[in-house]
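Asker: here's a sequence, model it:
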Amino acid sequence: MKDKFIAYIQELQERICSELEAIDGGAKFREDLWERPGGGGGRTRVIENGSVFEKGGVNTSVVHGDLPESMQAYFGVGEAQFFACGLSLVIHPQNPHVPTVHANWRYFEMYNQEGEVVDRWFGGGQDLTPYYLYKEDAEHFHQVCKTACDASGPDFYLNYKKKCDEYFYNTHRGEARGIGGLFFDYLKPTDSRSLEDWFQFVTAVGDSFLSAYTPIVNRRKDQDFTQAQRDWQEIRRGRYVEFNLVHDKGTLFGLRTKGRIESILMSLPPRVQWQYDHQAAEGSAEEKLIEVLKNPKNWV
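Answerer: Below is the predicted model of the structure:
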């Protein structure tokens with residue numbers, strides 16, 4: 001399964017980068033190949049200062065080695081080895097009418113001192129963070145997510161949509177990071193669902209990403225916007241940074257396993273504002289977004 005999933009994420013990285021470059025029309029992804037001192041490495045690809053994408057990264061990593069003590073406590077195990085591979089992406093657009101998007105798909109194995117596999121699972125998801133709320137965009141993104149889920153089970157979408165709403169939530173702000181999507185973790189083989197079944201599910205979600213996001217980008221990328229709308233985008237980006245540095249498990253895992261800092265923090269936007277006690281004007285489009293973030297809704 002390791003080799004199979006590595007091949008998948010590397011091909012998906014190529015596919016996503018090619019389409020995003022075509023949409024931007026100018027900027028290209030810069031590639032960095034890196035090695036992790038404890039074992040493994042990755043392929044980081046970053047796009048910056050494009051006509052559509054201000055900053056974005058589409059990264060793959062394949063790492064292994066001794067499980068750090070901090071992660072032993074997290075997983076409730078003693079000394080162990082681990083293997084992890086995955087694709088992680090975050091795209092920050094120039095235009096505030098185009099939403100930021102995040103996605104990742106990953107596979108993890110844990111081994112005992114004899115090198116035997118003692119646990120294995122898939123995880124991942126994809127979610128949308130708009131700065132201005134367009135009902136048709138939200139419905140489109142969630143419908144694509146639902147279609148990808150429905151092939152595996154009728155309850156998959158609602159289950160993983162709920163988990164996404166719960167996970168991507170700034171508890172210290174009392175609001176969601178965005179309008180959600182899918183989030184799943186610890187997808188392990190059981191009597192009713194094999195590891196291959198989970199592979200098929202996770203790759204179906206991964207394959208759906210471009211059709212979920214790029215139509216929204218193409219619909220919004222040429223809309224006019226004001227400086228005030230750009231300021232709002234940067235204020236909301238501050239909330240995005242807060243989530244990634246305070247709550248996100250992937251960021252914490254990377255830091256605790258001594259991952260490559262530039263790749264881990266690639267998700268942070270280039271321009272952000274923190275205005276003291278900023279409040280959206282009553283009745284404004286900005287307030288409309290905040291209301292939905294405080295009260296997640298069903299889009300399909």
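Asker: I'd like the next helix or strand past the helix or strand harbouring D165.
Answerer: According to DSSP states H and E, D165 maps onto helix 156-167. Proceeding N to C from helix 156-167, the next assigned helix or strand is strand 169-170, under DSSP H and E.
Asker: quick check: neighbours of that next one in the sheet, parallel or antiparallel?
Answerer: Within its sheet, and counting by DSSP bridges, strand 169-170 is paired with strand 175-176 (antiparallel).
Asker: residues in contact with the partner strand: which ones?
Answerer: D165, F168, Y169, N170, R239, I290, L293, K294, P296 (Cβ atoms under 8 Å, 6 or more residues apart in numbering). Just so you know, the C-beta spots here come from the backbone N, C-alpha and C atoms, and that holds for glycine as well.
Asker: residues touching the second one, list them.
Answerer: Yep, that's F168 we're talking about. Going by Cβ under 8 Å, 6+ apart, F168 touches D127, A176, R177, G178, G180, F183, F243.
Asker: mind doing that once more with 10 Å?
Answerer: The contact partners of F168, taken as Cβ atoms under 10 Å, 6 or more residues apart in numbering, are 102, 125, 127-129, 176-181, 183, 240, 243, 247-248, 296.
Asker: for the last one, same thing?
Answerer: When the contact criterion is Cβ under 10 Å, 6+ apart, the partners of P296 are K161, K162, C164, D165, E166, F168, Y169, E175, A176, G178, I179, G180.
Asker: then the fourth one?
Answerer: With contacts defined as Cβ under 10 Å, 6+ apart, the neighbours of N170 are A176, R177, R239, Y240, E242, F243, V246, H247, L293.
Asker: name the element A148 belongs to?
Answerer: Under the assignment given by DSSP H and E, the secondary-structure element containing A148 is helix 135-150.
Asker: which strands and helices lie in contact with that helix?
Answerer: With contacts defined as 3 or more Cβ pairs under 10 Å, 6 or more residues apart in numbering; DSSP states H and E, the packing partners of helix 135-150 are strand 117-129, helix 156-167, strand 180-187, helix 195-220.
Asker: need those in JSON lines (columns: distance to P37, mean neighbour count and mean pLDDT).
Answerer: Output for those, formatted as JSON lines (distance: least, Cβ to Cβ, whole Å; neighbours: other Cβ atoms under 10 Å; pLDDT from 0 to 100):
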{"stretch": "strand 117-129", "distance to P37": "24", "mean neighbour count": "20", "mean pLDDT": "96"}
{"stretch": "helix 156-167", "distance to P37": "30", "mean neighbour count": "19", "mean pLDDT": "97"}
{"stretch": "strand 180-187", "distance to P37": "27", "mean neighbour count": "22", "mean pLDDT": "97"}
{"stretch": "helix 195-220", "distance to P37": "29", "mean neighbour count": "19", "mean pLDDT": "98"}
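Asker: now, the contacts of N170 that are in helices?
Answerer: By the criterion of DSSP state H, membership of these in helices covers R239, Y240, E242, F243, V246, L293.
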